[in-house]
Every structure is written in C-alpha cells, then in structure tokens.
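Colleague: Predicted coordinates and the sequence they were generated for:
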Amino acid sequence: MKKFKPVILTSIICAIIFSLVSFWVPPVDWPFLPYLILAGFFMVLVQKENVSYKFLDKLLLGSLLFGLLITVFIFLRMYVVSRLVYDAPLPLQELRDEEMFILAGVYSFLGFLGGLIGITLKGAYFLYKEKLDWIIIIAGSLFATISSLAVFKIEIGGTIMSAYHGFPYPYFTHQIKDVVDGFYIGKWIFLPGSLCHYIIFNYLLYLVIFVLFIYLIKFINKNLKQKYLNTTFILFGLLVFMATLYVSFMSVKKSYINHQISKSKYCEKQSDCTIIGNISPFSCAIVTNKNSADRILKLVKSYPSTGELQCGGNEKAACIQNKCRVSIDYTSKETYWDMLKKAVEDCRVESIMQAHNSEVTAILKDGMVINAVEPEIDDIFDIIDQYKDKCGEIKMMTE
C-alpha cells in the first residue's frame with residue numbers, strides 16, 4: 001500500500017486544485033481538458049518506476065480516484081455557492097445520478113490518458129536526455145504557436161491570422177502597431193498568405209524565448225555551488241504553463257467579464273440602471289449601473305461575439321432590492337404564468353412578491369425578474385410548497 005501513497009496524494013491535490021480552477025474555466029468545456037491530462041501526468045511524475053507496465057496499476061487507481069473526487073468537489077462547490085447565496089439545499093441524491101458517473105468516468109479516462117502521455121515523455125527523457133532540451137525548443141515553439149491560436153479578437157491584439165489570434169499581445173486592449181508590417185491592429189487589412197507569414201514570426205519568437213531560458217538556466221547553474229536546476233524540466237514546465245494559459249485564456253476572460261457585470265449592478269433607484277446591449281454569449285439584455293455602463297461595454301466588446309440572442313423584446317432595466325435586474329413584463333399573457341411555475345419547479349426562483357391584485361413578481365437566481373398574474377390569490381404559494389423539499393426555502397412576501 002505504501003507505493004500507492006504518492007499517487008493517491010497527487011490525485012487528491014489535483015482534484016482540489018482543478019476543482020477550484022473550474023470557478024473560471026467551465027468543467028464541461030474543452031479548455032478544461034489540459035488540466036485533466038495534467039493530473040495523470042503528475043501521477044506518473046511522482047512514481048519512481050523505470051519500466052512502463054509498473055506505472056499502470058498505480059495510474060489506474062489514481063485516475064479513478066481523481067475522476068471521482070473532482071466530480072464530487074465540482075458538484076459540492078457549485079451547490080455550496082448556491083447554499084450560501086440562495087439558501088438552496090444540497091441535493092446529495094443527484095450525486096447518484098447516471099450523468100455524474102459518466103462525468104467521473106470521462107474525467108478518469110482523461111486522467112489515465114494524461115498518465116500514458118507522461119509515461120511516454122518520461123521514457124523519452126531517459127532515452128534522449130542529452131538531446132531533449134533542443135527537441136523541446138524546436139517542437140515546443142511550434143506547440144506554443146498553435147496553442148496561442150486559442151487567444152483571439154482584434155481588441156485583444158495579436159499577430160496571427162490577421163490580428164484575430166494570439167500572442168505576443170493577448171493581454172492588452174489598447175491599439176498596437178504590428179511589429180512586422182507596421183499596420184495598426186485595429187485598422188488591419190487582410191493580405192492573402194499572411195497566415196503563414198505570422199505563424200513563422202510567432203514561431204521564431206517562441207524559439208528565442210526558449211533559447212534565452214536555456215542560457216539563463218546555464219548562467220544560474222554556474223553560480224550555484226551545490227544544487228543544479230534541471231534545464232529539461234524547466235523548459236517543459238514553461239511550455240506546459242504557456243499552452244495551458246493560452247487555452248484557458250478566453251474562458252477565464254469570459255468568467256472575469258461576467259464577474260464584472262455582476263459587480264456593476266448596485267443601484268438605489270430605477271434611473272440608476274440601464275441595458276447596454278444584446279450580446280452573445282453574455283445576455284440578451286446586459287443590465288448595469290449607468291456609471292459602469294461604458295466600462296462594461298468595452299469589456300463585453302473585447303470578447304468575441306457570435307451575434308445577438310433571441311429574446312422577447314420587452315426587456316427593461318429595473319432596480320429591485322438595490323440591484324439592477326432585467327425585468328420582463330409578462331402580465332398580459334397567461335402562458336407566462338406557466339413560465340413562472342416552471343421556474344419554481346426548476347429551483348430557479350430566489351424570491352417571490354405577491355400583490356393584492358394577484359400580480360406576482362418573481363426574482364430568478366440569474367437576476368431576471370418575471371411579472372405574471374396568478375389565476376387565484378395565493379396560487380403561487382401552493383406551487384412553492386409542492387417543491388419545497390426539492391428547492392428549499394424561497395423568500396416569500398405579500399402585501
């Protein structure tokens with residue numbers, strides 16, 4: 001059992017850390033894939049074996065444990081937040097749902113796959129130790145260039161694909177001049193053949209970065225008296241860091257923008273709030289405080305949009321409970337009473353207000369507001385009682 005301890009500990013640590021990463025990188029999107037593969041790689045890295053098949057039993061156990069733990073941690077993380085913010089119960093019975101087992105199986109498989117990659121790389125290290133540094137420099141520069149294609153949008157900057165993609169300028173939102181042709185990025189004119197041109201430029205850029213790192217490590221090692229830095233490990237770590245950073249960049253940026261939108265919604269009166277636009281993938285009615293409108297609009301436009309979302313067209317900004325929300329007036333149509341009931345059934349309602357005239361105002365957990373007229377007074381409270389065990393307490397108020 002002692003030989004399994006490093007792998008088990010690595011599985012637990014990776015599950016905890018990567019479940020926290022899922023705050024910013026959605027755990028069901030492809031940018032989360034490298035983290036799952038990295039978990040398996042680390043499980044191989046901590047083993048002191050030198051024969052391929054001797055890794056497998058420990059890797060299999062670690063991958064299964066990792067897949068189970070990260071699924072549970074992500075589940076608990078989401079519902080603990082729901083509990084703290086919305087006072088929703090933890091539906092632990094959903095952990096036994098078939099989809100949870102499928103998700104855990106997929107995560108385990110990807111972790112195991114990462115371990116197989118790790119075994120291959122570890123074998124290559126022992127066989128080609130002296131040449132591996134230059135292999136990483138040449139092949140790693142190409143891999144980093146390809147990974148940088150995940151970062152795109154003219155407002156972010158970059159040089160690949162006519163300024164639609166990538167490093168070296170992915171973190172700046174101001175206008176920049178292309179270092180090769182001198183065009184301003186925001187005024188780019190596409191020229192046939194430029195894709196090859198800029199991939200070559202970026203490849204050479206990464207080549208220079210890796211070479212500089214080699215000489216930096218050699219310089220540091222000359223000045224160390226006892227301990228020496230492993231050049232191969234540092235170069236490979238740099239490559240993994242860069243590739244993971246680029247692949248995750250757009251997901252993290254989207255999460256950051258959503259967080260900023262949420263922070264900008266404080267209000268004291270109706271006139272404090274405004275709708276700044278219908279922009280996918282954020283909302284068909286992005287509502288913020290007027291003082292933050294310009295800043296939020298710039299952030300939203302810095303993210304690639306797929307167009308407008310399909311909405312009812314009757315959205316308006318409203319200040320409710322000191323928070324700007326999207327209010328949709330559904331009082332004129334009976335079908336929207338059914339929509340409100342469906343929101344209660346799906347546990348999406350945060351609070352309910354019932355007026356004497358049977359008008360019901362429901363504030364959903366995503367900030368949206370639905371106004372509807374109930375067929376009979378107190379009908380909404382009867383519906384809430386039906387789903388109390390499933391959804392927990394919902395704040396209820398009446399005039």
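Modeller: Nice, thanks for sending it over. Residues are numbered from 1 along each chain as shown.

Colleague: Which residue ranges of the protein form strands?
Modeller: All strands of the chain, identified by DSSP state E, fall at 273-279, 283-289, 315-320, 323-329, 349-354, 359-364, 368-373, 395-398.

Colleague: Check what contacts the last one and list those residues.
Modeller: Applying Cβ atoms under 8 Å, 6 or more residues apart in numbering, the contact partners of strand 395-398 are 350-355, 381, 384. The way it works is simple: take the backbone N, C-alpha and C, and place the C-beta from them, glycine included.

Colleague: again, but for stretch 252-272
Modeller: Residues from elsewhere that reach stretch 252-272 (Cβ under 8 Å, 6+ apart): 23-25, 273, 281-282, 286-292, 295-296, 299-300, 302-303, 317-319, 322-325, 367.

Colleague: And stretch 58-65, by the same measure?
Modeller: Under the contact criterion Cβ under 8 Å, 6+ apart, stretch 58-65 has outside partners 3-4, 7-8, 10-12, 15, 39-40, 43-44, 47, 108-109, 111-112, 115-116, 119.

Colleague: Based on its surroundings, how many neighbours for residue 38?
Modeller: With neighbours defined by other Cβ atoms under 10 Å, the count for residue 38 comes to 21.

Colleague: where does the stretch 51-200 of the chain dip in pLDDT?
Modeller: Along the stretch 51-200 of the chain, the parts satisfying pLDDT under 70 run over 80-97, 152-198.

Colleague: and what of the stretch 251-399 of the chain?
Modeller: Scanning the stretch 251-399 of the chain for pLDDT under 70 picks out 306-314, 328-336, 366-367, 399.

Colleague: now the nearest residue to residue 3 once chain neighbours are set aside: how far from residue 70?
Modeller: Counting by Cβ to Cβ, 6 or more residues apart in numbering, residue 58 is the residue found nearest to residue 3 once chain neighbours are left out, at 6.7 Å. For residue 58, the distance to residue 70 equals 18 Å [Cβ to Cβ, to the nearest Å].

Colleague: And the two? Which one has more around it.
Modeller: Taking neighbours as other Cβ under 10 Å, residue 58 and residue 70 compare with residue 70 leading, 29 against 23.

Colleague: The more buried one and residue 19 touch, don't they?
Modeller: Yes - the criterion here is Cβ atoms under 8 Å, and residue 70 meets it with residue 19 at 5.5 Å.

Colleague: hey, what's in contact with both of the two?
Modeller: residue 27.

Colleague: quick one: the helices in the protein?
Modeller: For the chain, the helices defined by DSSP state H occupy 5-21, 33-45, 53-86, 98-127, 129-147, 194-223, 231-263, 293-301, 335-345, 379-386, 388-391.

Colleague: Buried deepest among those helices, which one?
Modeller: Comparing these by mean neighbour count (mean count of other Cβ atoms under 10 Å), helix 33-45 comes out on top with a mean of 23.

Colleague: Please name every helix or strand in contact with that one.
Modeller: helix 5-21, helix 53-86, helix 98-127, helix 231-263 (3 or more Cβ pairs under 8 Å, 6 or more residues apart in numbering; DSSP states H and E).

Colleague: Rebuild the ones you listed as TSV, extending it with distance to residue 214.
Modeller: TSV is the format used below for these (distance: least, Cβ to Cβ, whole Å):
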stretch	distance to residue 214
helix 5-21	29
helix 53-86	29
helix 98-127	16
helix 231-263	6
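
Colleague: what's the closest of those to residue 149?
Modeller: For residue 149, the closest of those is helix 231-263, at 8.0 Å, according to Cβ to Cβ.

Colleague: neighbours around the residue lying closest to residue 296 once chain neighbours are set aside, how many?
Modeller: Nearest-residue entry for residue 296: residue 288, 4.9 Å, with adjacent residues in sequence omitted and distances by Cβ to Cβ, 6+ apart. Using other Cβ under 10 Å, residue 288 has 27 neighbouring residues.

Colleague: Who are the contact partners of residue 288?
Modeller: Here residue 288 is in contact with 261, 264-265, 273-274, 276, 296, 324 (Cβ under 8 Å, 6+ apart).

Colleague: hang on, the earlier thing: got a markdown table for the helices of the chain, with distance to residue 398 too?
Modeller: Rendered in a markdown table, the data for the helices of the chain read as follows (distance: least, Cβ to Cβ, whole Å):
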| stretch | distance to residue 398 |
| --- | --- |
| helix 5-21 | 40 |
| helix 33-45 | 48 |
| helix 53-86 | 20 |
| helix 98-127 | 38 |
| helix 129-147 | 56 |
| helix 194-223 | 63 |
| helix 231-263 | 29 |
| helix 293-301 | 34 |
| helix 335-345 | 16 |
| helix 379-386 | 8 |
| helix 388-391 | 17 |
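
Colleague: Please parse this protein into its domains.
Modeller: Each domain of the chain is listed here as a residue range: 1-127, 130-263, 267-320, 330-399, per automatic domain parsing.

Colleague: so how far is the first one from its chain's centroid?
Modeller: Same thing as domain 1-127. 17 Å (Cα atoms, centre = their mean, to the nearest Å).

Colleague: so how far is residue 286 from the residue lying closest to residue 285 once chain neighbours are set aside?
Modeller: Residue nearest to residue 285 in three dimensions, not counting chain neighbours: residue 315, with 3.9 Å by Cβ to Cβ, 6+ apart. For residue 315, the distance to residue 286 equals 10 Å [Cβ to Cβ].
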